[in-house]
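*Asks:* Pasted the sequence and its predicted model underneath.
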Amino acid sequence: MTAAPLILALPKGRILKALKPVLKHTGIEPDADCLDESSRRLRFGTSDPNLDVVRVRSFDVATFVAYGGAHIGVCGSDVLMEFDYPDIYAPLDLGIGGCRISVARPKDVEEDPTTGCSHLRVATKYPSIARRHFASQAINAEIVHLNGAMELAPTLDLASVIVDLVDTGSTLRANGLVETDVVAQVSSRLIVNRVAWKTRPEEIGALIERFRAALNEEKAV
Ligand SMILES: Nc1ncnc2c1ncn2[C@@H]1O[C@H](COP(=O)(O)OP(=O)(O)OP(=O)(O)O)[C@@H](O)[C@H]1O
Ligand SMILES: O=P(O)(O)OC[C@H]1O[C@H](OP(=O)(O)OP(=O)(O)O)[C@H](O)[C@@H]1O
């Protein structure tokens, strides 16, 4: 009996864009409309009959892989940290999607709102990461969960600080905020479902090696 194709979950958006050259070096060629985000299709074949691709929201890649819906995937280490799924291995740093998770506060507030407090309202898309970070400073973080435009929260009195991704810092600057603490560095990882790796070790191992070789080729270019 032939096994069902392996399923690779790819994120929409900026990681998919950054991943294109890496994918090219792996020799994996998804159907043409996979890399065209205007396509409404969600599942695609590839040049490898043993591999299909599903295209999902970046935050959902880890969930698809954790539950075994996809065997392998690509997602930001921010998402892995937030969900902390025990059933995911992350064997390869792809060196793309580099940024950091940081705490930021309004520039014009004299004192850092985190100084000497035991309770703090925090706007973020990362409730677990934020709670853990402030708990390590003995601060009880009350989370205001937003999915975007976090930078508005302090000036509109939703929260005293935000925990969000920062790369160039231009979004913070444009909204009158300053970065006060770096919680973690972020990059995109190749991730694998633990059970799939145990049950289909040759195929998954070969796929990981294709990505590893592609990264080396990319570096050599
Ligand atoms: N400014 C940035 N610079 C570099 N990498 C980033 C940046 N912002 C986000 N990332 C990385 O890209 C991932 C996806 O972010 P992106 O902004 O594409 O999607 P999203 O807006 O979080 O998702 P969705 O549109 O599905 O809600 C993040 O989880 C992070 O790993
Ligand atoms: O430090 P910078 O280079 O300005 O990057 C940081 C911004 O990038 C991300 O937003 P994104 O552009 O993905 O927008 P969205 O989260 O609203 O979709 C993140 O949520 C920050 O707002």
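*Replies:* The structure has been received and is ready for your questions. Ligands and ions are numbered 1, 2, ... in the order given.
*Asks:* C-alpha from now on. contacts and neighbour counts both.
*Replies:* Fine.
*Asks:* where does residue 1 land on pLDDT?
*Replies:* For residue 1, the pLDDT comes out at 60.
*Asks:* from now on call the first residue 36
*Replies:* Noted, 36 is the first residue going forward, which turns the last one into residue 36.
*Asks:* Could you measure from the spatially most central residue of the chain over to ligand 2?
*Replies:* What sits nearest the mean C-alpha location of the chain, by C-alpha atoms, centre = their mean, is residue 111, with 2.2 Å. Noted for residue 111: a distance of 12 Å to ligand 2, by C-alpha to the nearest ligand atom, to the nearest Å.
*Asks:* pLDDT below threshold where in this structure?
*Replies:* By pLDDT under 70, the low-scoring segments of the chain are 36.
*Asks:* please redo it, this time with the cut-off set to 90
*Replies:* For the chain, applying pLDDT under 90 flags the ranges 36-38, 67, 69-74, 144-152, 252-256.
*Asks:* Name the residue of it that lies nearest to ligand 1.
*Replies:* Of all residues in the chain, the one sitting closest to ligand 1 is residue 111 (3.5 Å; C-alpha to the nearest ligand atom).
*Asks:* Quick check: that residue touching residue 223?
*Replies:* Yes. Counting by C-alpha atoms under 8 Å, residue 111 touches residue 223, with 4.1 Å between them.
*Asks:* Overlap of the contact sets of the two?
*Replies:* Common contacts of residue 111 and residue 223 (C-alpha atoms under 8 Å, 6 or more residues apart in numbering): residue 132.
*Asks:* near ligand 1, which residues of this structure?
*Replies:* Counting by C-alpha under 6 Å from any ligand atom, the residues of the chain close to ligand 1 are 48-50, 92-93, 111, 113-114, 132-134, 200-202, 222-223.
*Asks:* Just the buried subset of those, please.
*Replies:* 50, 93, 111, 113-114, 132-134, 200-201, 222-223 (16 or more other C-alpha atoms under 10 Å).
*Asks:* ok, how many other residues are close to residue 185?
*Replies:* Applying other C-alpha atoms under 10 Å, we find 22 residues neighbouring residue 185.
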